[in-house]
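Chemist: What shape does this take:
(one chain, ligands or ions: 4)
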Amino acid sequence: MTKVTISIIKADVGGWPGHSTVHPRLMEIAREMLSKAVKNATIKDFHVTHCGDDLELIMSHEKGDNNQHVHELAWNVFKEATKEAKSLKLYGAGQDMLSDAFSGNVRGLGPGIAEMTFTERKAEPIIAFLMDKTEPGAFNLPIFKMFADPFNTAGLVIDPNLHPGFRFEIWDIMESKKVMMSSPEEMYDILALVGAKERYVIKRIYPKKDGKLPADEPVAVISTEKLYKIAGEYVGKDDPVATVRAQSGLPALGEVLEPFAFPHLVSGWMRGSHNGPIMPVSVKNAMCTRFDGPPRVVGVGFQLSNAKLIGPVDLFDDPGFDYTREKAQWVADYMRRHGPFEPHRLPLADMEYTTLPNVMKKLKDRFQKVE
Ligand code: 13P
Ligand code: 13P
Ligand code: MG
Ligand code: MG
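Modeler: Ligands and ions are numbered 1, 2, ... in the order given. Below you'll find the predicted structure:
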């Protein structure tokens, strides 16, 4: 049976104004180009949206992960959108386009990618989570809760299909290494890693063997590109995206959304250098204003039907998350009062690509030994 591939490929190719949101013209260009790509059968279906200043291409096809034609399509969309962004003099036009040349794959060229290939079930609910003003590790807490925390996901306790738990593929993004771990057996070890979210990030979740779903097909995937590592200097945070499948052997839709009812602290926000709460919002409200934030997450839901994306449903456009948003704003205000002090401002190790090393250089000769 043919497998379906869901590819979310995203880039910031210019903000309007500043780093707040995406100009509608850029989304129009993306829609025009992806419509053509459906006609010429490069992809099956698509949805173009944004979170903050990030242009998000959600695409379905049957060509598998890392397909050259699909990646080239996304690259060309971002190139065209960059041209338009330059002519409108949008802010940071082409920000995430770190290379001039496409060479078969967008990995390492700047855009973020979350891609997974699987056998489409009788009913296949999928959710695209899109974040702005934060980093890939921001997904560690919600993904852990969905697939490993029985206080979040009732099904881990009461659904025999979820009861065996899940396998976690965890990446060390500093050393480019990965490890497979099993929950619940290794839960404390998993937490020892993923609690250090700036270094260890959850990349994929797999079902256990002999369950309802094939054990070699992912049920969740998170983009893990690290922009500053690629560019060698600070060029903006690598605002992450994720795709999660739900129901029938997996967490229910409501169990997938539940972790976002807690606006946990993430790194990013103003100049990518501050900790703050992540606020779940509708697409309409996915605009980063207060101190270029607070960081936001959008959830766009679909049912898949023979690789067609039946949707979108704007999942956080719901009063059920009003209380979370209010709490996020309270926390944002509390954090803001710290101004340039940690833990609002990130610790020194994470400020490597800002002016701080230069401040240290300037002061080097003025430091005297303490007697
Ligand atoms: P329904 O009975 O509405 O299908 O819901 C089942 C379920 O699992 C909800 O979490
Ligand atoms: P982006 O990474 O979303 O472009 O934001 C950069 C920034 O500096 C916000 O203050
Ligand atoms: Mg930007
Ligand atoms: Mg952004």
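
Chemist: Can you name the residue of the stretch 51-200 of the chain nearest to ligand 3?
Modeler: In the stretch 51-200 of the chain, the residue that lies nearest ligand 3 is Asp53 (4.1 Å; CB to the ion). For glycine as for every other residue, the C-beta is placed from the backbone atoms N, C-alpha and C.

Chemist: which residues touch the residue nearest to that residue when sequence neighbours are not counted?
Modeler: The spatially closest residue to Asp53, leaving aside those adjacent along the chain, is Gly15, at 3.7 Å (CB to CB, 6 or more residues apart in numbering). Contacts of Gly15 were listed using CB atoms under 8 Å, 6 or more residues apart in numbering, and they are 21-22, 53, 90-92, 95.

Chemist: Same check on Gly94?
Modeler: 13-14, 82, 85-86.

Chemist: Also Asn285?
Modeler: Listed by CB under 8 Å, 6+ apart, the contact set of Asn285 reads Arg296.

Chemist: For the remainder of this discussion, apply numbering that starts at 4.
Modeler: Done: numbering now begins at 4, and the last item shifts to Asn288.

Chemist: What helices and strands are in contact with the helix or strand containing Tyr326?
Modeler: Assigned by DSSP states H and E, Tyr326 belongs to helix 325-339. Secondary-structure packing of helix 325-339 (3 or more CB pairs under 8 Å, 6 or more residues apart in numbering; DSSP states H and E): strand 277-280, strand 282-283.

Chemist: Tell me which of those strands sits nearest to Met30.
Modeler: The closest of those to Met30 is strand 282-283. By CB to CB, the value is 21.3 Å.

Chemist: So in that sheet, which strands flank the closest one, and in what orientation?
Modeler: strand 299-308 (parallel) (DSSP bridges).

Chemist: Between strand 299-308 and the helix or strand just after the partner strand, find me the angle.
Modeler: As assigned by DSSP H and E, the chain's next helix or strand after strand 299-308 is strand 311-317. Interaxial angle, strand 311-317 versus strand 299-308 (axes from the mean of the first three to the mean of the last three CA atoms, to 10 degrees): 150 degrees.

Chemist: Packing partners of strand 311-317?
Modeler: Other helices and strands packing on strand 311-317, by 3+ CB pairs under 8 Å, 6+ apart, are strand 48-54, strand 57-64, strand 299-308.

Chemist: Out of those strands, which is the most enclosed?
Modeler: strand 57-64 (a mean of 26; mean count of other CB atoms under 10 Å).

Chemist: Show me what from the stretch 4-153 of the chain comes close to ligand 2.
Modeler: Within the stretch 4-153 of the chain, the positions adjacent to ligand 2 are 15, 22, 55-56, 98, 135-136 by CB under 6 Å from any ligand atom.

Chemist: Check the protein for its longest helix and report it.
Modeler: Criterion DSSP state H: the longest helix present in the chain is helix 71-90.

Chemist: Quick one: distance of the helix or strand just after that helix to the chain centre.
Modeler: Using DSSP H and E, the helix or strand that follows helix 71-90 in sequence is strand 115-121. In terms of CA atoms, centre = their mean, to the nearest Å, the centre of strand 115-121 is set 11 Å apart from its chain centre.

Chemist: For strand 115-121, which strands pair with it and how are they oriented?
Modeler: Strand pairing for strand 115-121, using DSSP bridges, gives strand 7-14 (antiparallel).

Chemist: what about the strand it pairs with, average pLDDT?
Modeler: Taken as a whole, strand 7-14 carries a mean pLDDT of 98.

Chemist: go on, stretch 290-307?
Modeler: Stretch 290-307 shows a mean pLDDT of 98.

Chemist: likewise stretch 245-256?
Modeler: pLDDT averaged over stretch 245-256 gives 98.

Chemist: And stretch 330-350, by the same measure?
Modeler: What stretch 330-350 shows for mean pLDDT is 97.

Chemist: Need the distance between the two termini of it.
Modeler: One end of stretch 330-350 sits 24 Å from the other (CA to CA, to the nearest Å).

Chemist: Quick one: residues in contact with that stretch.
Modeler: With CB under 8 Å, 6+ apart as the criterion, stretch 330-350 contacts 266, 268, 270, 276-282, 293-294, 296-297, 354.

Chemist: The same query, at a cut-off of 7 Å, please.
Modeler: With CB atoms under 7 Å, 6 or more residues apart in numbering as the test, stretch 330-350 has contacts from 266, 270, 276-280, 282, 293-294, 297.

Chemist: Let's have these in CSV, adding neighbour count and distance to Val303.
Modeler: Formatted as CSV, the contacts of stretch 330-350 follow (neighbours: other CB atoms under 10 Å; distance: CB to CB, whole Å):
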residue, neighbour count, distance to Val303
Pro266, 24, 19
Ser270, 21, 24
Ser276, 19, 28
His277, 25, 26
Asn278, 20, 26
Gly279, 27, 23
Pro280, 24, 21
Met282, 26, 16
Arg293, 14, 23
Phe294, 16, 25
Pro297, 29, 20
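
Chemist: Where does confidence bottom out across these?
Modeler: Ser276 (92).

Chemist: That residue against Met354, yeah?
Modeler: Yes - counting by CB atoms under 7 Å, Ser276 does reach Met354; the two are 6.2 Å apart.

Chemist: helix/strand/coil for Val182?
Modeler: Put simply, Val182 is strand when judged by DSSP: H, G, I helix; E, B strand; the rest coil.

Chemist: Fine by me, thanks again.
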